[in-house]
Every structure is written in C-alpha cells, then in structure tokens.
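1. build me a model:
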Amino acid sequence: MTVVAAIITRHCTAHASDSFLTTARPNGHLEVVDDRARKLVRVPAWRGVIAYWGYAGGDGGGKTFDLLVAESARAGEHGSAQAFAQHLAATLTAMLHGRRFARPTDGGIGLHFTAYERVSDYWVPELFLVSNWTDASYSAIRPGGLSVTRETYATIRRLEERSPEHGEASCRLEVHASLHQQPMMLRFANGDPVLFNPLANAMLECFMTMGARGELENPESVQTHLTLVRRPVESISHLVSDFAPLGQRRVGGRARDLAVSPGGMYESTTGE
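-> Predicted coordinates for the structure are as follows:
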C-alpha cells in the first residue's frame with residue numbers, strides 16, 4: 001500500500017505520494033523492495049497527473065509505474081481525458097487478469113488522475129478515480145476490474161453518488177464557479193486516509209490560522225500548494241518510521257510532489 005494525496009484549487013492541481021514499495025511475505029511481514037519508488041506521472045496531453053497506489057507489478061515493483069508512463073506518452077491518442085481514464089481502467093484490468101495472488105486484495109490498485117477539460121472557454125479541473133477497490137476500507141476488490149468515477153462535482157455537492165451525468169457541461173461549470181467564486185480547496189487521499197486525514201486537517205487548520213493572522217508569505221502560489229499536499233505524507237512516513245516495527249511499515253521513504261496549472265505548467269519540489 002502507499003499514501004497518495006491530491007488538492008485542487010483554482011490555481012492548480014497538486015499531488016503527493018510516499019515512495020515505499022512493499023510485498024507481503026508468507027509470515028505476514030512486509031518487506032520493503034524499494035524505498036525510492038516513483039508514483040507520480042505527468043500527462044501533458046490532458047494537463048494532468050496520475051498518482052497510483054496498491055499493486056506495483058510484482059515483488060520487484062515498478063511495472064505499474066512503467067505502464068503508466070508508457071500510456072501517458074500516448075494519452076493524446078484518446079479523444080478526451082475521460083476516454084483516457086477509461087482506457088487506463090481497461091488496460092490495468094487486463095494486466096491483472098489471470099494473475100494469482102496470495103490474497104485477493106494483493107491485486108488491488110487505484111489511481112488519482114487529474115486533468116483539465118475545456119468547457120465554455122474555461123479550463124476546469126477534474127479528478128478521475130480509477131480503482132478496483134470496493135471502498136476506502138481496502139478490504140475487498142471488485143471482480144469485474146477497475147472502474148472510473150468523476151469526483152469533483154460530488155465532492156462540492158457532498159453527494160454519495162458518483163454519476164456519469166457529473167461530466168455534463170452544467171456540472172463542470174458549477175465546479176469552475178465554486179472554485180473561483182470563493183477560496184475553495186478540494187482534497188482527496190487514498191491508500192491510508194485514516195492516517196492521512198487527521199494530519200492533513202491539523203495542518204490545514206494551522207495554515208488557515210496563519211492566514212487569518214496575515215503570516216503567510218504567498219498562500220496562492222503553486223509552491224504553497226505543493227507544501228500543503230506533501231507535508232501530511234511526510235508526517236505519516238515519519239510517524240510510521242518512529243513507531244511501527246520494520247515488518248509492518250507500509251508507508252515511507254521520500255515524499256514526492258507534482259503540480260500542474262490550468263495553463264499546463266508543471267512544478268515539483270522533488271524533481272518529478
């Protein structure tokens with residue numbers, strides 16, 4: 001498993017991840033097979049970023065990342081960001097088909113794919129959740145493979161349902177208006193939201209307190225966004241390293257970050 005996080009504001013979409021790849025041994029202990037793994041992929045064709053968690057492609061890891069890099073290089077061949085997301089779901093489902101796992105959940109995998117879509121002369125951000133997990137408990141996976149859902153409209157509206165209708169222009173324009181009419185930040189976390197959310201909430205509260213005091217240097221900068229999304233991941237990694245025995249550490253290594261603006265400009269403090 002891993003921790004990935006994303007935030008979306010009117011200024012940019014920003015992602016972060018840890019860099020551990022682990023595999024479960026017969027005794028139940030986790031072995032770290034890579035502590036410098038990359039899990040963030042640029043998708044320039046759609047002004048996008050992919051972050052993945054879960055199945056990395058075998059004991060040596062890296063296969064899932066390599067597949068995503070290769071597919072991202074051809075992302076422009078698909079007619080839309082949604083079509084590319086659906087292609088990723090089908091490709092990863094095919095990759096997993098017929099593979100045997102010691103536990104069914106060992107084949108669980110998920111992606112955050114953010115992209116900008118052109119709607120009525122606006123670049124509107126979207127987060128596509130591409131996953132075969134049944135829910136955020138990560139206790140079961142869907143036998144039918146990976147599915148794709150849009151997340152921004154339902155998040156703004158606080159809806160449980162994820163509907164294909166949320167891709168219609170009226171819903172997309174409501175997302176744009178919500179992000180621009182007032183300061184708003186959409187936050188997403190997967191892999192271990194139970195650990196991520198308390199730390200992220202505490203850091204955001206401190207950030208807002210500093211803002212109210214006038215102590216923030218540049219709250220709207222992309223660098224600020226990268227820090228906001230990366231720091232909770234770093235904190236979880238340190239927490240796990242400090243308190244969990246080596247054979248039970250699922251998260252760790254260097255925290256990585258990557259952001260992209262509506263204009264398609266990428267920034268990273270970690271060289272992604």
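
2. would you mark the buried spots in whichever helix or strand Pro125 is part of?
-> Element membership for Pro125, per DSSP states H and E: strand 122-131. For strand 122-131, a neighbour-count test (16 or more other CB atoms under 10 Å) marks Tyr122, Val124, Pro125, Glu126, Leu127, Phe128, Leu129, Val130, Ser131 as buried. In this view, the C-beta of every residue, glycine as well, is placed from N, C-alpha and C.

3. so which of these comes closest to Asp18?
-> Ser131 (18.0 Å; CB to CB).

4. test my guess that the closest one contacts His112.
-> No: Ser131 lies out of contact with His112 (CB atoms under 8 Å); the separation is 9.3 Å.

5. shared neighbours of the two, which are they?
-> Residues touching both Ser131 and His112 (CB atoms under 8 Å, 6 or more residues apart in numbering) are Asn190.

6. where does the prediction get shaky in the stretch 1-150 of the chain?
-> Applying pLDDT under 70 to the stretch 1-150 of the chain flags residues 1, 24-29, 31-32, 58-62.

7. the helices in it, which residues?
-> 63-73, 81-96 (DSSP state H, counting those that start in this stretch).

8. what's the most buried one of these?
-> helix 81-96 (a mean of 19; mean count of other CB atoms under 10 Å).

9. how big is the angle separating that helix from strand 122-131?
-> 20 degrees (axes from the mean of the first three to the mean of the last three CA atoms, to 10 degrees).

10. kindly export the top helix by length along the chain (C-alpha atoms) in CSV.
-> Counting residues, the longest helix found in the chain (DSSP state H) is helix 222-243. The C-alpha trace of helix 222-243 is given here as CSV (Å, rounded to 0.1, in the frame of the first residue of the first chain):
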residue,chain,number,x,y,z
VAL,A,222,2.0,26.6,-6.5
GLN,A,223,4.9,26.1,-4.1
THR,A,224,2.4,26.6,-1.2
HIS,A,225,0.0,24.0,-2.7
LEU,A,226,2.9,21.5,-3.1
THR,A,227,3.8,22.0,0.6
LEU,A,228,0.2,21.6,1.7
VAL,A,229,-0.2,18.3,-0.1
ARG,A,230,3.3,16.9,0.7
ARG,A,231,3.7,17.7,4.4
PRO,A,232,1.0,15.3,5.6
VAL,A,233,2.6,12.5,3.6
GLU,A,234,6.0,13.3,5.1
SER,A,235,4.5,13.3,8.5
ILE,A,236,2.9,9.9,8.1
SER,A,237,6.2,8.5,6.8
HIS,A,238,8.0,9.8,9.9
LEU,A,239,5.2,8.6,12.2
VAL,A,240,5.3,5.1,10.8
SER,A,241,9.1,5.0,10.9
ASP,A,242,9.1,6.2,14.6
PHE,A,243,6.5,3.8,15.9
